[in-house]
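Asks: I need the structure of the sequence given here:
(one chain, ligands or ions: 2)
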Amino acid sequence: MTEQLTDFLKAFGWDEQWNDKRNAASDKLRDASPARVVAQYSHAYKIITMGGERLANVSGRFEFQAESKGDFPAVGDWVMADLLDESPPRAVIQAVLPRQSAMVRKLAGSVPDEQIIGANMDYLFITLAMNGDFNIRKLERYLISAWESGAMPVVLLTKADLCDDHSRYLAEVEDAAPGVPVHMVSALENQGKEALMAYLKPGKTVAVIGSSGVGKSTLLNWLAMDHVQLTSDIRESDARGRHTTTHRELFLLPTGALLMDTPGMRELQLWDSQEGWEQAFSDIEALVAQCRYRDCKHEGEAGCAVRAALQSGELDTGRYGNYKKTERELARLARKETTAMRQRDKKQSTLKNARSRTASRRSVENWEDFGESKRK
Ligand SMILES: Nc1nc2c(ncn2[C@@H]2O[C@H](COP(=O)(O)OP(=O)(O)OP(=O)(O)O)[C@@H](O)[C@H]2O)c(=O)[nH]1
Ligand SMILES: [Zn+2]
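Replies: Ligands and ions are numbered 1, 2, ... in the order given. Next up, the predicted model:
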């Protein structure tokens, strides 16, 4: 790759670490080019390559080998793709480089599966409005998902202009989000942007989560200095040569940072995330470790550190209540997943014989398909 060509990739976050991951990938990918997924459609992706933007599909071999939805590329992913010399330019994705962080939605339906809402975020801005909607228990739920993702959470208290007594909100957040940075902003009054510059550095990827109405869209537009509005008006050719409006879910901010705004981020719910839960309530977990009995239920046992902290006021009863509530919810989700897995295994073993007959035929077809795209 020449200096100039990699500039596009660098702008979208390509660095030494990704280069190492690329070099560690299989030999088969030696001729493929790195690219980042900036938008996802039902059967196609928009990727940024060293030569600019193009549409891409996964190879037949990729599709055949994928075990779950979570294996497929998602917005934010770095992929290895063959760039086809066609007009309009197209690409075939051969592999996804190992994710550094991911917001995963576990689908505990009749067939357990997962969906990647966004990948490779460096920071997650959790937004909370400083008005009547302020809900610290909601923040605790968002933190579970944030910690689980592997990205660093940052709390943004929005609508600072609507509030006279910031200290109350700050104190509540500091108790509920130990060790998480907190910043107050007002997009309307252009306040607090300087503090965010520490995160909005070139090549860093930021996603914004928070409930409806807290001001996420306003915040995004403010950070983008209305560039979002401008870019969506650019019309481009799609795969069929028609002109369509540019659609991106990962875009460059004027600061050089990348902002991720996928539909799923906005509808974030609590999903199976044991580790995230433990980290979000790390203060309570530390107390639990001090209880005299290892199987302490904190219901009046002797030497219970949790009860002692609740009585002294060191531990807020609302926070403890949410700790128990989310624990129950996660246990329920885990049970659902186990049941669904068992059902799937049962189904699979009955279908196994029928499937193996067609599979051998299909795998030949897919390998031919793979060879096709490599030759082009
Ligand atoms: N006073 C004040 N109002 C704000 C601020 N930011 C957003 N708002 C208002 O809050 C309302 C909701 O803002 P949005 O940006 O649409 O909120 P959202 O989180 O994107 O909402 P959804 O699209 O439903 O997810 C709008 O009326 C905004 O004008 C702010 O900093 N100060
Ligand atoms: Zn206890």
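Asks: In contact with the residue of the stretch 51-200 of the chain found nearest ligand 2, which residues?
Replies: Nearest to ligand 2, among the residues of the stretch 51-200 of the chain, is residue 178, at 19.3 Å (Cβ to the ion). For the C-beta atoms, the positions are set from N, CA and C on the backbone; glycine is no exception. Neighbour list for residue 178: 282-283 [criterion: Cβ atoms under 8 Å, 6 or more residues apart in numbering].
Asks: What backbone torsions are found at it?
Replies: Here is the backbone geometry of residue 178 (degrees, to the nearest 10): phi -60, psi 130.
Asks: Secondary structure element holding the residue most central in space within the chain?
Replies: The residue lying closest to the centre of the chain (Cα atoms, centre = their mean) is residue 103, at 2.8 Å. If you go by DSSP states H and E, residue 103 is part of strand 102-108.
Asks: So which elements touch whichever helix or strand comes after that strand?
Replies: Counting by DSSP H and E, the element after strand 102-108 in chain order, helix or strand, is strand 112-119. Here strand 112-119 touches strand 102-108, helix 263-266, helix 317-375, going by 3 or more Cβ pairs under 8 Å, 6 or more residues apart in numbering; DSSP states H and E.
Asks: Pairing partners for strand 112-119, with directions?
Replies: Using DSSP bridges, the neighbouring strands of strand 112-119 in the sheet come out as strand 102-108 (antiparallel).
Asks: can you list contacts of the strand it pairs with?
Replies: With Cβ under 8 Å, 6+ apart as the criterion, strand 102-108 contacts 69-70, 74, 112-121, 124, 145, 148-151, 207, 264-265, 268-269, 271-272, 333, 336-337, 340.
Asks: Check those for burial and list the buried ones.
Replies: For the contacts of strand 102-108, a neighbour count by 16 or more other Cβ atoms under 10 Å gives the buried set as 70, 74, 112-121, 124, 145, 148-151, 207, 264-265, 268, 271-272, 333, 337, 340.
Asks: For residue 17, the count of nearby residues, please.
Replies: 10 (other Cβ atoms under 10 Å).
Asks: Would you agree it falls within a helix?
Replies: Yes: looking at residue 17 with DSSP: H, G, I helix; E, B strand; the rest coil, it is inside a helix.
Asks: need the contact list for the residue lying farthest from the centre of the chain.
Replies: No residue in the chain sits farther from the centre than residue 302, which is 42.3 Å out by Cα atoms, centre = their mean. Contacts for residue 302 (Cβ under 8 Å, 6+ apart) come out as residue 292.
Asks: secondary structure class for it?
Replies: For residue 302, the assignment made with three-state DSSP gives coil.
Asks: and the gap between it and residue 293?
Replies: 8 Å (Cβ to Cβ, to the nearest Å).
Asks: Which of the helices and strands packed on strand 112-119 has the lowest mean pLDDT?
Replies: Lowest mean pLDDT within the helices and strands packed on strand 112-119: helix 317-375, a mean of 67.
Asks: Quick one: neighbours of the spatially closest residue to residue 31 that is not a sequence neighbour, just the number.
Replies: What sits nearest to residue 31 in space, not counting adjacent residues and going by Cβ to Cβ, 6 or more residues apart in numbering, is residue 82, at 7.2 Å. Residue 82 has 20 neighbours, counted by other Cβ under 10 Å.
Asks: Verify the stated contact: residue 82 with residue 28.
Replies: No: using Cβ atoms under 8 Å, residue 82 makes no contact with residue 28, being 11.0 Å away.
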